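1. quick one, structure for this:
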Amino acid sequence: MLAHISLIICMIALLSCEEQGKSYPSEGKVSIAYLQSLATERSMKITQDIYIEGCVVANDKLFEIEKALVIADDSGGMELKIDEEYINDIVPLFSHVRLRCSGLNIGREGAKLVIGAPPTGEYVVDRIASEEIFNYLTFTSNNPTAPPSATIDINDLDSRSVLRYARFEDMVLSRTEHGAKWCDMNEENEYRSTVRHFIHDSDTLRVVTSGGCYYASELIPTTECTLIGIIDWYEKDYALRITSHQVLR
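-> Residues are numbered from 1 along each chain as shown. Reported below is the predicted structural model:
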């Protein structure tokens, strides 16, 4: 009986090693989906000499997000935390980049994959110092160009959708929000991050806009339009965050 138990333990250990060999490459290019498979709500340091390549599909060009940029490839997206006030000046929107992951930490904020410096406090990762960003990030092209956006059905949104670059066509602002601006104001008369609702057939898409973005005070169009941006995780639910003010009528 003990011999059988020992044999089973050895087989499990062998299979585990084989699986680790398949799942944890020691070097080279990996997909963002691969990093997503590793990440948990606890911070994990990447020790392998691996990198990802993708396109910067969101940054602070119009202050739609701040102190971060989103890199997406064909498999998904991830948010890179950077301690810099004007990221677009150094990493323009739609730049094609390579991110060396060794020495950085990954984790999850809700359903969102984040990567940055090792944490020193309560957050799963810290922001990378601005002067250190190019120790990890290099450009793979001199010509910033937007990648194709994926067309996703509202009902198909799931954890794999988060931070993907996507488009939603034939969208109409909810009638209850006609006449609204992208953002509401708080008690200090400052614009705050606000969720609006767009309808396609009978399905509703949440759209979140940062109070600091350039068009926070703009009236939302009420005619049919196409919305392009990233699928964010906001207030424990999926929401589109428009990038580069891509509201196409």
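
2. residue 125 - how many residues pack around it?
-> Other residues lying near residue 125 total 23 when counted by other Cβ atoms under 10 Å. For glycine as for every other residue, the C-beta is placed from the backbone atoms N, C-alpha and C.

3. quick one: it from residue 160, how far?
-> Distance, residue 125 to residue 160, by Cβ to Cβ, to the nearest Å: 21 Å.

4. can you check residue 190 too?
-> Taking Cβ to Cβ, one finds residue 190 at 35 Å from residue 160.

5. when those two are compared, which one has more neighbours?
-> Between residue 190 and residue 160, counting by other Cβ under 10 Å, residue 160 is the more crowded of the two (14 against 11).

6. now that one: phi and psi?
-> phi -70, psi -20 (degrees, to the nearest 10).

7. for the nearest residue to it once chain neighbours are set aside, what are its contacts?
-> Excluding its sequence neighbours, the residue lying closest to residue 160 (Cβ to Cβ, 6 or more residues apart in numbering) is residue 76, at 6.4 Å. Residue 76 is in contact with 31-33, 36, 113, 160, 162-164, counting by Cβ atoms under 8 Å, 6 or more residues apart in numbering.

8. hmm, try it at 10 Å
-> Residue 76 sits next to 31-36, 52, 54, 113, 159-165, 231 when contact means Cβ atoms under 10 Å, 6 or more residues apart in numbering.

9. swap in residue 177?
-> Neighbouring residues of residue 177 by Cβ under 10 Å, 6+ apart: 194-198, 220, 222.

10. roughly how far apart are residue 175 and residue 197?
-> As judged by Cβ to Cβ, residue 175 and residue 197 stand 10 Å apart.

11. in terms of packing, which of those two has more residues around it?
-> Comparing residue 175 with residue 197 by neighbour count (other Cβ under 10 Å), the higher total belongs to residue 197, at 15 against 9.

12. which secondary structure element contains the spatially most central residue of the chain?
-> In the chain, the C-alpha nearest the mean C-alpha coordinate belongs to residue 163, at 3.2 Å (Cα atoms, centre = their mean). According to DSSP states H and E, residue 163 maps onto no helix or strand at all.

13. look at the closest residue to it other than its chain neighbours and give its secondary structure.
-> Spatial nearest neighbour of residue 163, excluding adjacent residues (Cβ to Cβ, 6+ apart): residue 77 at 2.9 Å. Under DSSP: H, G, I helix; E, B strand; the rest coil, the three-state class of residue 77 is strand.

14. bridging residues for residue 77?
-> Judged by DSSP bridges, the bridge partners of residue 77 are residue 72.

15. just checking, it touches residue 32?
-> Yes - contact criterion Cβ atoms under 10 Å: residue 77 and residue 32 qualify, at 6.3 Å.

16. next one: phi and psi at residue 201?
-> Note on residue 201: its backbone torsions stand at phi 50, psi -120 [degrees, to the nearest 10].

17. my read: it touches residue 169, true?
-> No - applying Cβ under 10 Å, one finds residue 201 not in contact with residue 169, separated by 11.5 Å.

18. can you pull the pLDDT of the nearest residue to residue 218 once chain neighbours are set aside?
-> Closest residue in space to residue 218, ignoring its immediate chain neighbours: residue 182 at 5.7 Å, by Cβ to Cβ, 6+ apart. pLDDT, residue 182: 98.
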